[in-house]
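> the sequence and its predicted three-dimensional model are supplied below.
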Amino acid sequence: MKYFTAVDAVEGLESALDTDGIMLTGEDCLLRMENQRLLMQSLMIDPPETEDDPRLMQMIRSQTMLWSEKIEECVKKQLCIRLPDRPIDAFLPATPAEISRLSAFMDRPAEWLRRQAAALRDVNPDLSCRGCRMLISNELVFRAFLRALFTTAQQCGVHALSVLIPFVSDCREVEYLGGVISEYASAHGIECSVGVEIATPRAACIAGDLAKHADAIVFNVDELVQLLYGMSRKDTRKVIFHYLQEHVFRHNPFTEFDDIGVGSLLTIALKQIRAVRPDLRLSAIGYPTLTEKGRKFCSSMGIDMLIGPQYLFHAENLLGAAVEEQPSDPPASDKAI
């Protein structure tokens, strides 16, 4: 079994170097600094019409600088980049103070910005414009993101890179985004493999078809638990507490592997994948897969790589007991490949 450490910010890279590889997420580069947040907010509220929009040029320059901090630290490791998966709400001003700052940045009336942000905001962000949907809906911004990423990789001497497409539910999403990724990778002389993250029940049901378009498959068990149970990890703490107390649930599905529900779905997906791509690389990410029960299931099903935050495991010693002691609501940053 191999282990990849999921890292959001550059500060977490030093402790991640003990594992077999590193998975960097894209959100940090887009939202880490105030000027980046303002820039992204302006691009969401007033989308660019051409690739030479000055804001996209500014985004590429700043993104290249931020990516260099990350990539330079891990050029000797296997490296995977998980494309941004935050919902569009994360890129919109949420408070009067943020609207005021954006108003000054864009030189637009605050009331107009408030109305635009309200119109774009989703009622249920976790099931709306996020992951691959967000990237396809904002293609020029996505292209600028890729240009900065591959430019930095080239400058840092990276010759091979893996890119993960999150929250997929249809093969055409993979074809569309995979084509754009390959275009930029080829232009920068980088060999790029494209992975598909299975985080929705539909993706699991068409796993065989998705496997035909992917160089790797990653099962996001955290997301599958939420959608299979119809429970938000963030909003159901009280419900789960009472269910455990009254013995309705035998365990917390967000911290213990559910072999009956999630396990059955993964078994169906894996059977499809093995039928068409028996040698395809398979990974899993999420709290439940790092428990002893989850690790045993993954090993028995041929999933040979686990991804998680470094505090849950080390290359030499998986901290199975420590996993059990963690709170039931892991940080959002733990949801990576």
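Perfect, I can see it now.

> and the next helix or strand past the helix or strand encompassing L224?
Taking DSSP states H and E as the criterion, L224 maps to helix 221-229. On the C-terminal side of helix 221-229, the closest following helix or strand by DSSP H and E is helix 237-245.

> what's the next helix or strand after that next one packed up against?
Moving toward the C-terminus from helix 237-245, the next helix or strand (DSSP H and E) is helix 262-276. Judged by 3 or more CB pairs under 8 Å, 6 or more residues apart in numbering; DSSP states H and E, the packing partners of helix 262-276 are helix 201-205, helix 207-211, strand 216-220, helix 221-229. Heads up, the C-betas are built off the backbone N, CA and C, glycines and all.

> what sits up against the last one?
Defining contact as CB atoms under 8 Å, 6 or more residues apart in numbering, one finds that helix 221-229 is touched by 126, 167, 198-201, 204, 231-233, 253-254, 257-258, 261-262, 265-266, 284-289, 294, 330, 334-335.

> that one: how far from the chain's middle?
Centre-to-centre, helix 221-229 and its host chain are 15 Å apart (CA atoms, centre = their mean, to the nearest Å).

> over to the second one?
Centroid displacement of helix 207-211 relative to its chain, using CA atoms, centre = their mean, is 19 Å.

> relative to strand 216-220, how tilted is the one helix or strand S193 maps to?
In the assignment (DSSP H and E), S193 maps to strand 191-198. Going by axes from the mean of the first three to the mean of the last three CA atoms, to 10 degrees, strand 191-198 is angled at 30 degrees with respect to strand 216-220.

> buried residues, strand 191-198. List them.
Of the residues in strand 191-198, 192-198 count as buried by neighbour count, 16 or more other CB atoms under 10 Å.

> tell me which strands it pairs with, and in which orientation.
strand 160-168 (parallel), strand 216-220 (parallel) (DSSP bridges).

> residues of whichever helix or strand comes after the longest one that come out buried?
Read it as strand 160-168. Using DSSP H and E, the helix or strand that directly follows strand 160-168 along the chain is helix 171-187. Within helix 171-187, the residues scored as buried using 16+ other CB under 10 Å are 171, 173-174, 176-178, 181, 184-185.

> ok, now stretch 207-221?
For stretch 207-221, by 16+ other CB under 10 Å, it's 207-211, 213-221.

> ditto for stretch 30-44
So, applying 16+ other CB under 10 Å, buried residues of stretch 30-44: 30-32, 36-44.

> okay, those residues in TSV with secondary structure and distance to T95 next?
As requested, the buried residues of stretch 30-44 are arranged in TSV below (DSSP: H, G, I helix; E, B strand; the rest coil; distance: CB to CB, whole Å):
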residue	secondary structure	distance to T95
L30	helix	19
L31	helix	15
R32	coil	19
Q36	helix	17
R37	helix	12
L38	helix	13
L39	helix	18
M40	helix	16
Q41	helix	12
S42	helix	16
L43	helix	19
M44	helix	16
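
> nearest to R82 among those?
Among those, L30 lies closest to R82 (CB to CB), at 12.6 Å.

> burial of the residue nearest to V221 when sequence neighbours are not counted, as a residue count?
Closest residue to V221 apart from its sequence neighbours, by CB to CB, 6 or more residues apart in numbering: G286 at 3.3 Å. Here the number of neighbours of G286 (other CB atoms under 10 Å) works out to 26.

> ok, now how distant is G286 from L312?
11 Å (CB to CB, to the nearest Å).

> name the SS class of L306, please.
Recorded secondary structure, L306: strand (DSSP: H, G, I helix; E, B strand; the rest coil).

> contacts only, for it.
1-4, 283-285, 289-290, 295, 298, 313.
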